[in-house]
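Colleague: build me a model from this:
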Amino acid sequence: MDLKSSHTSPVLADPAIMNDSMLGIHPGLLPYSPTGAAFSPALFLTIPRRKPGILDDVRSSAWLDAMKSSSPTHNKITKDSSTDQPSNDNDDAYCNWMLKYPSALASFEQITNCAKRKRLALFLDYDGCLSPIVDNPDLAFMSNSMRGAVRNAAKYFPTAIISGRSRDKVFQFVGLTELYYAGSHGMDIMGPVQPISNDQTKSIRSIDKQGKEVNLFQPASEFLPMINEVFKSLVEITKDIIGAKVENNKFCVSVHYRNVEEKSWTTIGQSVEEILKDYPRLRLTHGRKVLEIRPVLDWDKGKAVEFLLESLGLSNCNNVLPIYVGDDRTDEDAFKVLKEGNRGYGILVSSVPKESNASYSLRDPSEVMEFLKCLVRWKK
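Modeller: All right, here's what the predicted structure looks like:
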């Protein structure tokens, strides 16, 4: 099959394998037919393409505006000498913003009051939540104290890491086998083998690098050759742009421009667009100083949360309180899922005001760690 020119709905390369890869999930939550048929057109996202004839300066302006809006310039954070706590230069605006998104630490009693006689499930983004945002994404290491806080939380609550990174990379950073890992925005999920209540549904059982048996779920497996092609093309086309870094996250590709001079941002955006013209089954999304190329599937971090809750037997239960902690616009899909029907709480990690579907906020990873410690003390 010509991966570049295929405009039809994708068909599963091996329906039997994909059907067996479910973790006890209800068929209605899958992005494909459980019988192995073609993708439903309703689940195949429609992505508008650039019409020919648009002037280059208009395109350049649009690209630059989009990249700036997804990568706001953060206010400088300083330390308050009296409290040794971070403070914003524009502290009044942040305080006003927190009236709508109160601190999850200051509101901890309110959260735990709602959690009484309920089972908590924790979902955590990685970059910007468990580790600080750094210039080189390969060096986004979490601290040992944060790793300990996550490990302790996982002793009391089902805990999953949901990241745009590849699952293998996130696991390499975190290194805790007792967690669930959802990489590539939830398109690559790994978890410890669990008893499955539906006898009609089987899961693929695999052995991870530590020799532990795990379940795997990969709804976008057939896109792998396409993603690899795009990755190689993007590496080649950006090699002369100083500071640009292309990261292969298995089921998506990230083009980082955090270290690129702003005058070259438009060049990066246009380069990515030029390549994607040949791949109508891939779409572009924006993150914090990153462009992400993903399969055109109705699957995101929100769907991953629903999938994991279903897999854990915690879906549609009145005695379950899911909590999702994230910092980026890709986490908004998960915040929205929990917000609908008051199913749970989204907690936005941000040191600057911005609109969100979250219910609460935390400033930075240090506050995330303190929140996890508070949960463990409360549970004890």
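
Colleague: run a quick neighbour tally on N96.
Modeller: If you count neighbours by other CB atoms under 10 Å, N96 ends up with 11. All C-beta atoms are positioned from the backbone trio N, CA, C, and that covers glycine.

Colleague: can you mark which positions in the helix or strand where it lies are buried?
Modeller: Element membership for N96 (DSSP states H and E) is helix 91-100. Residues of helix 91-100 classed as buried: 94, 97-98 (neighbour count, 16 or more other CB atoms under 10 Å).

Colleague: can you lay out these as a markdown table showing distance to A244 and pLDDT?
Modeller: Shown next, in a markdown table, are the buried residues of helix 91-100 (distance: CB to CB, whole Å; pLDDT from 0 to 100):
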| residue | distance to A244 | pLDDT |
| --- | --- | --- |
| Y94 | 32 | 92 |
| W97 | 33 | 96 |
| M98 | 36 | 95 |
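
Colleague: which of those sits closest to V150?
Modeller: M98 (25.2 Å; CB to CB).

Colleague: right, and that closest one touches S361 too?
Modeller: Yes. If you go by CB atoms under 8 Å, M98 and S361 touch, sitting 6.4 Å apart.

Colleague: after the helix holding N96 comes which helix or strand?
Modeller: helix 108-115.

Colleague: tell me the helices and strands packed up against that following helix.
Modeller: With contacts taken as 3 or more CB pairs under 8 Å, 6 or more residues apart in numbering; DSSP states H and E, helix 108-115 sits against strand 320-326, helix 365-379.

Colleague: contacts only, for the residue nearest to G326 when sequence neighbours are not counted.
Modeller: In this structure, G326 finds its nearest non-sequential neighbour in D125, 3.9 Å apart by CB to CB, 6 or more residues apart in numbering. By CB atoms under 8 Å, 6 or more residues apart in numbering, the residues touching D125 are 161-163, 301, 325-328, 331, 349.

Colleague: from L282, how far off is R165?
Modeller: Distance of R165 to L282, given as CB to CB, to the nearest Å: 18 Å.

Colleague: neighbour count winner among those two?
Modeller: Shown here are R165 and L282; by other CB under 10 Å, R165 has more neighbours (27 against 21).

Colleague: A helix includes the more buried one, no?
Modeller: No. Using DSSP: H, G, I helix; E, B strand; the rest coil, the assignment for R165 is coil, not a helix.

Colleague: find the nearest non-adjacent residue to W378, please.
Modeller: T112 (5.3 Å).

Colleague: touching, the one you found and R377? I think so.
Modeller: No. Using CB under 8 Å, T112 makes no contact with R377, being 10.3 Å away.

Colleague: ok, these two, which is more surrounded?
Modeller: When T112 and R377 are compared for neighbours, T112 comes out ahead with 16 against 10, by other CB under 10 Å.

Colleague: pLDDT value on that one, please?
Modeller: Model confidence at T112, given as pLDDT, is 96.

Colleague: where does the stretch 151-300 of the chain dip in pLDDT?
Modeller: By pLDDT under 70, the low-scoring segments of the stretch 151-300 of the chain are 192-215.

Colleague: count the neighbours of S311 for me.
Modeller: Neighbour tally, S311, other CB under 10 Å: 25.

Colleague: is it true that it touches G191?
Modeller: Yes. Applying CB under 8 Å as the test, S311 and G191 come out as touching, 7.0 Å apart.

Colleague: and the closest residue to Y156 other than its chain neighbours, how close does it get to G326?
Modeller: Nearest non-adjacent residue to Y156, counting by CB to CB, 6+ apart: K379, 4.4 Å away. K379 sits at a distance of 22 Å from G326 (criterion: CB to CB).

Colleague: the two: which is more packed in?
Modeller: Higher neighbour count among K379 and G326: G326, with 28 against 14, using other CB under 10 Å.

Colleague: how about that one, what does it touch?
Modeller: 124-125, 129, 162, 301, 332, 334-335, 346-349, 358.

Colleague: quick one: pLDDT of it?
Modeller: Value for G326, per-residue pLDDT: 97.

Colleague: for the residue lying closest to D188 once chain neighbours are set aside, give its distance to F217.
Modeller: Using CB to CB, 6+ apart and skipping residues adjacent in sequence, the residue nearest D188 is R167, 4.4 Å away. To F217, R167 is 10 Å away according to CB to CB.

Colleague: and for the closest residue to K303 other than its chain neighbours, the neighbour number?
Modeller: Sequence neighbours aside, G186 is the residue nearest to K303 in space, at 6.0 Å (criterion: CB to CB, 6+ apart). Neighbourhood size, G186 [other CB under 10 Å]: 29.

Colleague: hang on, H286 is in a strand, isn't it?
Modeller: Yes. Assigned with three-state DSSP, H286 falls within a strand.

Colleague: so what's it bridging to?
Modeller: H286 has the following beta-bridge partners by DSSP bridges: L291.

Colleague: 13 is where my numbering starts, stick with that
Modeller: Done: numbering now begins at 13, and the last item shifts to H298.

Colleague: so it makes contact with E304?
Modeller: Yes. Using CB under 8 Å, H298 is in contact with E304, at 7.5 Å.

Colleague: these two: which is more packed in?
Modeller: A count of neighbours by other CB under 10 Å puts E304 above the other of H298 and E304, at 21 against 18.

Colleague: contacts only, for Y269.
Modeller: Contacts of Y269 by CB under 8 Å, 6+ apart are 79, 83, 255-256, 276-277, 280, 301-303.
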